[in-house]
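> Got a sequence here, can you model it:
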Amino acid sequence: MSLTNIFTISGSAMSAQTIRLNTIASNMANVDSVASSVDQTYRARKPVFSQLMNDNMKEYGWGNANLDRSGAGIGVKVDGIVESDAPLQPRYEPDHPMANDEGYVFYPNVNPMEEMADMMSASRSFQTNVEIMNSAKSMMQKMLTLGQS
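Next up is the predicted model:
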């Protein structure tokens, strides 16, 4: 694997973590939203990632496809965003303006503590990939000065 491929791999990871942070922000923004029916209630969303293999590089527009043939992954791609199937939280609040005929309102299945842990993990992963890119850049700059002495 060449040093330049590090930028492609870290770039794809940073893009994936940005999508992860956006879905977390959406979940946190809707943590207290209510609805009068199960069908209208917001459901927590999670991104689904998969390993980007060498054969798929050109298809997804990430750099060149002349990378190593070791079978190792060369990035990450987002396969989609799925809704959680965890149960919603019905609460008996007959005075609530959104209450249904039986007096229940439905709250989303968003767990704020889980979302905060995911946010910290995504943020640290993004930061780690930035540091990897900076280290690779520094190594490339050092290589350019090898023959100057």
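> which one's the longest helix in this protein?
What stands out as the longest helix in the chain, according to DSSP state H, is helix 112-144.
> Tell me the gap between it and the middle of its chain.
Here the centre of helix 112-144 is set off from its chain's centre by 13 Å, with C-alpha atoms, centre = their mean, to the nearest Å.
> Quickly note the distance from the closest residue to residue 86 other than its chain neighbours to residue 83.
The shortest distance from residue 86 to any non-neighbouring residue, by C-beta to C-beta, 6 or more residues apart in numbering, is to residue 109 (4.2 Å). Using the backbone N, CA and C atoms, a C-beta is placed for each residue, glycine as well. To residue 83, residue 109 is 9 Å away according to C-beta to C-beta, to the nearest Å.
> Without its sequence neighbours, what residue ends up closest to the most centrally placed residue in the chain?
The centre of the chain sits closest to residue 20, judged by C-alpha atoms, centre = their mean, with a distance of 2.1 Å. Once flanking residues are discounted, residue 20 sits nearest to residue 122: 4.4 Å by C-beta to C-beta, 6+ apart.
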